[in-house]
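[1] missing the sequence, but the structure's below:
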Ligand SMILES: NC(=O)c1ccc[n+]([C@@H]2O[C@H](COP(=O)([O-])OP(=O)(O)OC[C@H]3O[C@@H](n4cnc5c(N)ncnc54)[C@H](O)[C@@H]3O)[C@@H](O)[C@H]2O)c1
Ligand SMILES: O=C[C@H](O)CS(=O)(=O)O
């Protein structure tokens, strides 16, 4: 029996209430329906529902189910796997409104953003439904007259995956879709803060006909489940999305057990605006890159580096636009921005604000909190390059602006620190648009755009922002092994 707040539950108003599952999904069975971990709506503080607090043994049971189911799945033609994945994508889109409401309730983002994420999540499933049919191998001319050599691509087997709270649907399908398309089986632990989106995706995967054991969702306190994932010898691949600190710890343990590892970690994106930039395009790009998901995305602009000639016009326009954004509960009206995920996130964001102001920054917009959970979109000019928000990932709606002079100074500022996920560059100088990405140590660079993420392009970082890529035809390689077959013909 759920201990959810009745008001919170009623507000959900799902057309299909069965999509809200207060259970984990192991071996094709819905398990552990008793109250375990409360899931709270960050906008209201009210309990939305509970998920089971499963432990290491349950995670190992899921790994066993995945191990049992994977060979038959891999043996099916890629086209058959693709048809089933396409059906899953169709069901996700058919239930987009309900999935969006569920996401807004547990994560906080406005409904329009949540619906956009559902479309994005379905796009990965749709993309890899096809990509699984293109895992081509090679035929290599033999090194000896009687040698025939071929290279085949085989699914790695059982994949253990851990995902974060900020994109509770898309981060799930960005891993599960390529893994399943490749012929693997998946055991996934969603964030305990936002498990319902992942569980609803499992409801629809089951409905699409995905055989039992191929897609398992294990909910609960992170550590014991993570321990099983990085230690169990049946797990061939560990795929993590989350903070750099946790990813390094878990990824290192997984690598220590010689597992394949993909890490999608933290960012600290520089946003460079040169004097020759189109001001309207730069401000629009800044709004999209900074304030999407209340600044809680790994590729959000984290520090703005603006050349002296355009600086004053840019900060004035940005402050006006930020000031016009409304904050509120995503299920009540249509606010531009929802709450941060929890009190710890608010505290860290405001610590960055205070630090920037104490270091000489000038507050141009925002800078305060509403109802303890909504951080007003904030713009601070005159920020020191030594400020916390220049060195750490803020993960909140704060735009700190540093003025620079020369291009060389901008590149040095941009490459400072250890993150290497995303960077942005606004310029109308064609040579500079070629020259700068070569100098910027980041896995992804947006030029005259603040939106760089899609299912078709490889997503990922270098340095301390991760290992590997997700999405695009590069994304399925993470779940494939190469097998070189050398055959002697003619008996010898
Ligand atoms: N690079 C990317 O693609 C990408 C995408 C989204 C988020 N992120 C990053 O994720 C972070 C925000 O997400 P978060 O707060 O959920 O990160 P987090 O590292 O705190 O948690 C991520 C996941 O790891 C789990 N986890 C935490 N400690 C664990 C442990 N000891 N053992 C096993 N699992 C454990 C959590 O339960 C969650 O499911 C930010 O740094 C953001 O930049 C990166
Ligand atoms: O938080 C980072 C995610 O990857 C979100 S997105 O892919 O940039 O939309």
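    That came through, no problem. Here the structure is a predicted model, which means the values were calculated and not measured. Ligands and ions are numbered 1, 2, ... in the order given.

[2] now residue 305, what's its secondary structure?
    strand (DSSP: H, G, I helix; E, B strand; the rest coil).

[3] what about the helices in the stretch 201-350 of the chain?
    222-231, 244-256, 279-291, 308-323, 343-358 (DSSP state H, counting those that start in this stretch).

[4] nearest to residue 7, of those helices?
    helix 343-358 (21.2 Å; Cβ to Cβ). Placement of C-beta: from N, CA and C, glycine included.

[5] Give me the contacts around the closest one.
    295-296, 340, 363, 367, 369, 372-373, 375, 378, 380, 383-384, 387-389, 392, 394-398, 400 (Cβ atoms under 8 Å, 6 or more residues apart in numbering).

[6] Buried ones only from those, please, as a ChimeraX command.
    The ChimeraX selection below is limited to those of the contacts of helix 343-358 classed as buried (16 or more other Cβ atoms under 10 Å):
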select :295,296,340,363,367,369,373,375,378,380,383,384,387,388,389,392,394,395,396,397,398,400
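
[7] Distance to ligand 1 and mean pLDDT for the helices of the stretch 201-350 of the chain - can I get that in CSV?
    Formatted as CSV, the helices of the stretch 201-350 of the chain follow (distance: least, Cβ to the nearest ligand atom, whole Å; pLDDT from 0 to 100):
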stretch, distance to ligand 1, mean pLDDT
helix 222-231, 3, 98
helix 244-256, 4, 98
helix 279-291, 14, 98
helix 308-323, 21, 98
helix 343-358, 8, 98
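
[8] Can you name the residues of the stretch 151-300 of the chain that neighbour ligand 1?
    Contacts of the stretch 151-300 of the chain with ligand 1, taken as Cβ under 6 Å from any ligand atom, map to 162-167, 171, 189, 191-192, 222-223, 226, 241-243, 246, 250, 264-267, 298.

[9] any residues touching stretch 141-151, and which ones?
    137-140, 482-490, 492.

[10] Now intersect those with the strands, please.
    Residues of the contacts of stretch 141-151 located in strands (DSSP state E): 138-140, 482-488.

[11] Which residue ranges of the stretch 1-150 of the chain form strands?
    24-26, 29-31, 37-40, 47-51, 138-140, 147-155 (DSSP state E, counting those that start in this stretch).

[12] and the ones you listed, which is most packed in?
    Highest mean neighbour count among these (mean count of other Cβ atoms under 10 Å): strand 24-26, with a mean of 27.

[13] re the thing from before, find the pair from the ones in strands among the contacts of stretch 141-151 with maximum spatial separation.
    Among those, 482 and 488 lie farthest apart (Cβ to Cβ), at 20.3 Å.

[14] Up against ligand 2, what does the stretch 351-492 of the chain have?
    So the stretch 351-492 of the chain meets ligand 2 at residue 453 (Cβ under 6 Å from any ligand atom).

[15] go on, the chain?
    Residues of the chain lying near ligand 2 (Cβ under 6 Å from any ligand atom): 166-167, 297-299, 453.

[16] For residue 99, give me its contacts.
    19, 92, 114, 118, 169, 197, 200-201.

[17] Kindly recompute the last result at 6 Å.
    118, 200 (Cβ atoms under 6 Å, 6 or more residues apart in numbering).

[18] Ok, the one 3 residues further on next?
    In this structure, residue 102 makes contact with 196, 200, judged by Cβ under 6 Å, 6+ apart.

[19] which non-adjacent residue is nearest residue 274?
    Leaving aside its chain neighbours, residue 274 sits nearest to residue 427 (4.3 Å; criterion: Cβ to Cβ, 6 or more residues apart in numbering).

[20] I misspoke; the intended subject was residue 21.
    Leaving aside its sequence neighbours, residue 21 sits nearest to residue 199 (Cβ to Cβ, 6+ apart; 4.3 Å).

[21] what about that neighbour, neighbour count?
    24 (other Cβ atoms under 10 Å).

[22] And residue 229, how close does it get to ligand 2?
    21 Å (Cβ to the nearest ligand atom, to the nearest Å).

[23] Next, count neighbours for that residue.
    31.

[24] Tell me how many other residues crowd the closest residue in space to residue 101 that isn't next to it in sequence.
    Once flanking residues are discounted, residue 101 sits nearest to residue 12: 5.8 Å by Cβ to Cβ, 6+ apart. Residues lying near residue 12 (other Cβ under 10 Å) number 21.

[25] and residue 12, what pLDDT?
    You'll see residue 12 listed with a pLDDT of 96.

[26] What of residue 382?
    In this prediction residue 382 is given a pLDDT of 98.

[27] in stretch 238-251, what counts as buried?
    Neighbour-count burial for stretch 238-251 [16+ other Cβ under 10 Å]: 238-242, 244, 246-247, 250-251.

[28] Ignore what I typed, I meant stretch 218-234.
    Here stretch 218-234 shows 218-220, 224-230, 232, 234 as buried, counting by 16+ other Cβ under 10 Å.

[29] what pairs with the closest residue to residue 61 other than its chain neighbours across the strands?
    In space, and not counting its chain neighbours, residue 61 is closest to residue 26: 5.8 Å by Cβ to Cβ, 6+ apart. Going by DSSP bridges, residue 26 is paired in beta bridges with residue 29.

[30] Name all residues that make contact with residue 26.
    Taking Cβ under 6 Å, 6+ apart as the test, what residue 26 contacts is 61-62, 216.

[31] In a markdown table: those, plus pLDDT, neighbour count and distance to residue 107.
    Formatted as a markdown table, the contacts of residue 26 follow (pLDDT from 0 to 100; neighbours: other Cβ atoms under 10 Å; distance: Cβ to Cβ, whole Å):
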| residue | pLDDT | neighbour count | distance to residue 107 |
| --- | --- | --- | --- |
| 61 | 98 | 19 | 28 |
| 62 | 98 | 32 | 24 |
| 216 | 98 | 30 | 22 |
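
[32] Thanks again, I'm all set now.
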